[in-house]
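In: This is the structure alone, sequence omitted:
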Ligand code: DGL
């Protein structure tokens with residue numbers, strides 16, 4: 001038997017948001033090695049032109065493939081999934097999984113009324129990715145989408161439950177509340193960190209859904225289908241890389257993800 005380390009799963013986001021997906025994956029597949037890249041030096045992605053986000057997604061995937069030889073790449077960012085997933089899947093030999101389809105499946109599984117909301121960044125909502133995916137798989141649903149500019153910045157500052165974020169949420173979520181949805185997809189991987197505030201604003205009759213668990217299931221089924229799962233008896237190694245301030249990433253990231261986020265490796269785009 002070879003004792004070579006198994007190939008890791010690579011995952012990236014603009015910052016801390018993808019840690020919601022990382023948490024779900026670590027819980028579901030604790031034996032897998034994971035390399036997480038948080039592009040905190042260049043967040044937020046949501047307000048950037050689509051071409052710029054596409055370029056970042058290509059750069060990060062290229063670096064991860066070259067430096068870590070992953071067996072699968074997870075785009076743990078709705079904005080990057082919305083604008084770049086198809087291109088990444090076409091360009092790289094390694095399988096690339098995004099968060100839009102898993103998120104949509106998760107919200108469709110819980111709605112009773114078929115009135116569903118999706119909140120995301122300006123980039124995600126403007127891309128029409130959710131609207132197109134819903135029209136394809138569930139044309140009967142009534143979908144209400146709303147962009148929530150500013151939410152990501154609150155999370156990146158570690159401010160997940162303040163009066164300011166509550167006031168902003170009340171304003172931005174008003175169209176979703178007016179549409180009388182019974183299920184709301186948090187279509188930005190940062191937003192589950194604001195779940196308490198969003199739940200208070202939406203009320204008890206609206207089920208909040210994140211794409212994290214469903215994406216983790218999609219990863220684990222893809223690995224099982226291709227026979228690429230790591231051995232069961234081992235504990236996976238988790239590596240975290242940030243293009244921003246690594247001390248902040250370690251402190252805030254550990255608070256958001258948990259003890260697996262220990263040390264953080266610095267990556268500098270200007271030295272790449
Ligand atoms: N967490 C990301 C998403 O799911 C990116 C948010 C951002 O950087 O604006 O869209």
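Out: Received, thanks. What you see is a predicted model, and the numbers here were worked out from it, not measured in a lab.

In: check contacts around residue 257.
Out: Residue 257 makes contacts with 19, 22, 23, as judged by C-beta atoms under 8 Å, 6 or more residues apart in numbering. Just so you know, the C-beta spots here come from the backbone N, C-alpha and C atoms, and that holds for glycine as well.

In: Grab the nearest non-local neighbour of the second one.
Out: Right, the one you point to is residue 22. Nearest residue to residue 22 in three dimensions, chain neighbours excluded: residue 36, at 5.3 Å (C-beta to C-beta, 6 or more residues apart in numbering).

In: my guess is the one you found contacts residue 21, does it?
Out: No - using C-beta atoms under 8 Å, residue 36 is not in contact with residue 21; the gap is 9.1 Å.

In: Show me the common contact partners of those two, please.
Out: Jointly contacting residue 36 and residue 21 under the rule C-beta under 8 Å, 6+ apart are 11, 13, 76.

In: For the second one, what are phi and psi?
Out: What that stands for is residue 13. Backbone torsions of residue 13, given as degrees, to the nearest 10, read phi -150, psi 170.

In: and it, how many neighbours?
Out: 30 (other C-beta atoms under 10 Å).

In: Could you pull up the contacting residues of it?
Out: 19, 21, 36, 37, 38, 39, 76, 77, 80, 189.

In: which of those are close to the ligand?
Out: Checking the contacts of residue 13 against the ligand by C-beta under 6 Å from any ligand atom, the ones in range are 77, 189.

In: Could you provide the contacts of residue 13 in JSON lines, with additional columns for secondary structure, pLDDT and neighbour count?
Out: Output for those, formatted as JSON lines (DSSP: H, G, I helix; E, B strand; the rest coil; pLDDT from 0 to 100; neighbours: other C-beta atoms under 10 Å):
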{"residue": "19", "secondary structure": "helix", "pLDDT": "97", "neighbour count": "31"}
{"residue": "21", "secondary structure": "helix", "pLDDT": "98", "neighbour count": "29"}
{"residue": "36", "secondary structure": "strand", "pLDDT": "98", "neighbour count": "30"}
{"residue": "37", "secondary structure": "strand", "pLDDT": "98", "neighbour count": "25"}
{"residue": "38", "secondary structure": "strand", "pLDDT": "98", "neighbour count": "30"}
{"residue": "39", "secondary structure": "coil", "pLDDT": "97", "neighbour count": "25"}
{"residue": "76", "secondary structure": "coil", "pLDDT": "98", "neighbour count": "30"}
{"residue": "77", "secondary structure": "coil", "pLDDT": "98", "neighbour count": "35"}
{"residue": "80", "secondary structure": "helix", "pLDDT": "98", "neighbour count": "30"}
{"residue": "189", "secondary structure": "coil", "pLDDT": "97", "neighbour count": "33"}
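
In: Now do the same contact list for residue 241.
Out: Neighbour list for residue 241: 35, 36, 37, 38, 264, 265, 266, 267 [criterion: C-beta under 8 Å, 6+ apart].

In: any idea which helix or strand carries it?
Out: With secondary structure defined by DSSP states H and E, residue 241 is part of strand 238-242.

In: Then residue 63?
Out: Judged by DSSP H and E, residue 63 forms part of helix 50-68.

In: now residue 8, nearest residue through space, not along the chain?
Out: Using C-beta to C-beta, 6+ apart and skipping the chain neighbours, the partner closest in space to residue 8 is residue 33 (3.8 Å).

In: thought the one you found was touching residue 229?
Out: No - look at residue 33 against residue 229 with C-beta under 8 Å: they stay out of range, at 11.6 Å.

In: Please say which of those two ends up with more neighbours.
Out: residue 33 (21 against 16).

In: what sits against the closest residue to residue 120 other than its chain neighbours?
Out: Distances taken as C-beta to C-beta, 6+ apart place residue 187 nearest to residue 120, at 3.7 Å, with adjacent residues excluded. By C-beta under 8 Å, 6+ apart, the contact list for residue 187 reads 78, 100, 103, 118, 119, 120, 124, 125, 130, 145, 211.

In: pLDDT score for residue 187?
Out: According to the predicted model, the pLDDT of residue 187 comes to 97.

In: Could you report the neighbour count for residue 90?
Out: 8.

In: Tell me the pLDDT of residue 60.
Out: At residue 60, pLDDT is 98.
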